[in-house]
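Q: pasting a predicted model and its sequence here:
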Amino acid sequence: MMQIIDRKQEEKIPPLFRLAFRPFFIGAAMYAVVSIALWGLFWAGNSNISQFMYGNPLWWHSHEMLFGFAGAVIVGFSLTAVQTWTGQTGVKGTKLAFLFGLWLLARLGLIFATPSYLWMVVDCAWIVGAMIFLAIPIIQVKQWRNIFFIPVLFVFTVLNVKYHLMVLKVIPFDLQTIALATLTIIAAVVLVVGGRVIPFFTSRGTKTAPITRISIIDYAALIPIWILLILTVSPVAVSSNILASTYIIAAVTNLVRFCRWYNHKIMAIPLLWSLHGAYLSMITGLAWIGGSYLTNTISQTIGIHFIAIGGIGAMILAMMARVSLGHTGRKLQVGRWMMIAFISLFCSLLARTLLVVLMPVEVYDAYIISAILWVMAFTIFSVVYFPVLTQARVDGHPG
């Protein structure tokens with residue numbers, strides 16, 4: 001049963017810190033604008049921008065998209081959802097402000113400072129704090145179904161430490177391997193959460209019969225992605241054929257899962273077609289990476305960006321848009337501007353993937369176009385949702 005919340009105490013808390021999705025969603029969205037704007041300017045020839053990239057532009061871009069951006073949304077979502085899962089009051093007020101402050105301090109440090117152990121500690125502290133705040137209510141009520149978020153955040157922290165040790169030159173600089181491992185664990189979270197919410201949102205949004213869960217299909221879709229995570233973090237060399245097969249199996253099984261959810265009515269509902277488009281992008285990315293292990297003519301980087309921009313970025317944008325409305329007592333409808341934001345983000349994906357493949361001589365222009373479209377998408381979200389996330393619920397309820 002949901003714990004009773006003292007409304008007078010609730011009203012003393014600034015709306016921004018009444019639930020974790022509020023600061024972390026708006027913070028992640030605004031940081032998505034700043035970080036990719038810097039990245040776009042860098043590729044446009046402003047090499048002096050690299051001074052704001054922790055001494056290593058490629059490292060910084062990869063790290064900040066995976067940890068600074070996606071990590072913030074995962075934390076904001078899970079610390080909000082745990083209240084629904086367990087019936088326990090979620091982290092809020094001073095504790096939430098402190099946790100968000102650590103995240104923000106780490107982002108500023110990785111822009112304006114130089115590599116040091118201090119920033120590694122700060123950048124891991126907010127994830128560890130989130131893990132503790134998440135674990136307490138789950139363990140209290142023995143809600144083991146959602147315990148998987150705890151080991152996920154633990155592995156996320158370990159990978160973050162490895163990222164920092166690389167830039168501190170303590171361990172060999174193997175960015176692609178650690179980045180792929182981190183991308184894989186985020187992809188696993190997206191596939192797990194997507195499998196729970198997309199069929200539910202689809203049936204409710206289209207007013208059609210509930211989509212039944214078929215366990216064997218879900219297991220077949222999720223087990224390969226966990227195997228991939230183990231293979232990517234394993235110190236033992238794995239053959240290309242095994243990696244290719246596992247990625248392609250993950251793509252095929254998730255395509256089967258995805259096809260069960262599709263309903264033509266979603267095309268009239270932006271909050272739905274954006275989610276479906278993101279999941280399809282994830283599937284495409286898995287298949288593309290699988291193909292890259294079979295032939296050198298297929299670029300693994302393209303597959304990575306199908307997952308990063310489409311599978312993760314678009315899923316984040318769609319989920320933030322819907323969750324922010326639902327948890328602030330608003331109707332689950334978006335206007336024209338958010339529709340433009342969704343389209344802009346998918347166009348950013350196409351620019352960074354298919355445009356690069358079709359016009360390789362214009363690769364730098366493709367990077368810049370993709371960056372501009374990404375910035376446009378998250379700028380729109382930030383402007384539209386800033387009042388939603390910083391003001392009290394419209395229905396007067398706590399949260």
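A: Perfect, I can see it now. Numbers count the residues shown, from 1 in each chain.
Q: OK, contacts around the most centrally placed residue in the chain?
A: Centre of the chain computed as the mean C-alpha position; nearest residue by C-alpha atoms, centre = their mean is A70, 3.5 Å away. Going by C-beta atoms under 8 Å, 6 or more residues apart in numbering, A70 touches 28, 186, 312, 316. Just so you know, the C-beta spots here come from the backbone N, C-alpha and C atoms, and that holds for glycine as well.
Q: next: I242.
A: Counted by C-beta under 8 Å, 6+ apart, I242 has contacts L231.
Q: for I307, grab the count of nearby residues.
A: A count of neighbours around I307, defined by other C-beta atoms under 10 Å, yields 24.
Q: the longest helix along the chain: how far from the chain's middle?
A: Longest helix in the chain by number of residues (criterion: DSSP state H): helix 175-206. Centroid separation for helix 175-206 versus its chain: 8 Å, with C-alpha atoms, centre = their mean, to the nearest Å.
Q: just checking, what packs against that helix?
A: When contacts are defined as 3 or more C-beta pairs under 8 Å, 6 or more residues apart in numbering; DSSP states H and E, helix 175-206 sits against helix 57-63, helix 72-86, helix 149-167, helix 215-233, helix 240-261, helix 270-292, helix 300-305, helix 315-326.
Q: can you redo those helices as TSV with distance to S370 and mean pLDDT?
A: Below are those laid out as TSV (distance: least, C-beta to C-beta, whole Å; pLDDT from 0 to 100):
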stretch	distance to S370	mean pLDDT
helix 57-63	12	97
helix 72-86	20	93
helix 149-167	23	95
helix 215-233	25	93
helix 240-261	23	96
helix 270-292	14	97
helix 300-305	8	96
helix 315-326	15	97
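Q: need these in a markdown table with distance to A20, can you?
A: Listed next are those as a markdown table, based on distance: least, C-beta to C-beta, whole Å:
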| stretch | distance to A20 |
| --- | --- |
| helix 57-63 | 22 |
| helix 72-86 | 4 |
| helix 149-167 | 13 |
| helix 215-233 | 25 |
| helix 240-261 | 27 |
| helix 270-292 | 21 |
| helix 300-305 | 28 |
| helix 315-326 | 11 |
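Q: what's the closest of those helices to V33?
A: helix 315-326 (12.1 Å; C-beta to C-beta).
Q: what residues does stretch 199-213 touch?
A: Here stretch 199-213 makes contact (C-beta under 8 Å, 6+ apart) with 260-261, 263, 265-266, 269, 271-272, 275-276, 322, 332.
Q: ok, so of those, who is nearest L118?
A: R322 (37.5 Å).
Q: skip the chain neighbours and tell me the closest residue to that closest one.
A: Counting by C-beta to C-beta, 6 or more residues apart in numbering, L271 is the residue found nearest to R322 once chain neighbours are left out, at 5.2 Å.
Q: swap in I186?
A: Nearest residue to I186 in three dimensions, chain neighbours excluded: A70, at 5.2 Å (C-beta to C-beta, 6+ apart).
Q: fine by me, we can end here.
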